[in-house]
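Q: Predicted model follows, preceded by the sequence.
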Amino acid sequence: MHMNQNHQGGRGRAGIQLVLAIILATVLLAVPVALADNGGGPPQLDISVTEVRVDVEESMQDDEVNVTATVLSNMSRPVNVTVLFLVDQKEIGNVTNITLQPGVPEEATTVWVATAGTHVVTAIVSLNGVPLQESAASIEVYVEAKPVGDVATLLYGLLAIALVVLGMAIVPSIIFRLTGW
């Protein structure tokens, strides 16, 4: 009897080992196939800013400039996102609750009060509060400095200065003639 029990126990262990081998083979074959789409990393989101543009081509300092981003999702289902707008890596505005339908571009716009100089204007998609760095797009924008004044004001200012200088030169001689000092 003792020998018969060992024989039955051996068959039970062999059956369990066979089942475990099948499960292991399935996992080893299935995992590489499942990870092949994204190189073994976490799932990739196919959402991007396809264009960033401004509505004023030759803007001046203090102009209100509309910055518009076109966003596209190639995900298989609708997704709700926020578009962040940055100038020189500082946020200037955002548009929330944009529902992106698969393959349908959407636009988001914010207003920027332009400052003089050359700037990098960027739009980036944020999903659940996490900016998707790979979704960003940028453009470079030059903003001209605001002129100090117009020519007429400049000429009147120079005339006023000339009169003051002339007055300072003439007044002492008039006082000297009148008083004799």
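A: That came through fine.
Q: Excluding residues flanking it in the chain, which one is nearest residue 146?
A: residue 61 (4.1 Å; C-beta to C-beta, 6 or more residues apart in numbering). Every residue, glycine included, has its C-beta placed from N, CA and C.
Q: next one: residue 145
A: Once flanking residues are discounted, residue 145 sits nearest to residue 116: 4.0 Å by C-beta to C-beta, 6+ apart.
Q: who are the neighbours in contact with the one you found?
A: Residue 116 is in contact with 61, 143-146, counting by C-beta atoms under 8 Å, 6 or more residues apart in numbering.
Q: Farthest pair within the residues you listed?
A: The most widely separated members of the contacts of residue 116, counting by C-beta to C-beta, are 143 and 146 (9.5 Å).
Q: Show me what the host helix or strand of residue 65 is packed up against.
A: Assigned by DSSP states H and E, residue 65 falls within strand 64-73. Judged by 3 or more C-beta pairs under 8 Å, 6 or more residues apart in numbering; DSSP states H and E, strand 64-73 is in contact with strand 47-54, strand 79-87, strand 90-100, strand 106-113, strand 117-127.
Q: could you redo the last one with a cut-off of 10 Å?
A: Packed against strand 64-73 by the contact rule (3 or more C-beta pairs under 10 Å, 6 or more residues apart in numbering; DSSP states H and E) you find strand 47-54, strand 79-87, strand 90-100, strand 106-113, strand 117-127, strand 137-144.
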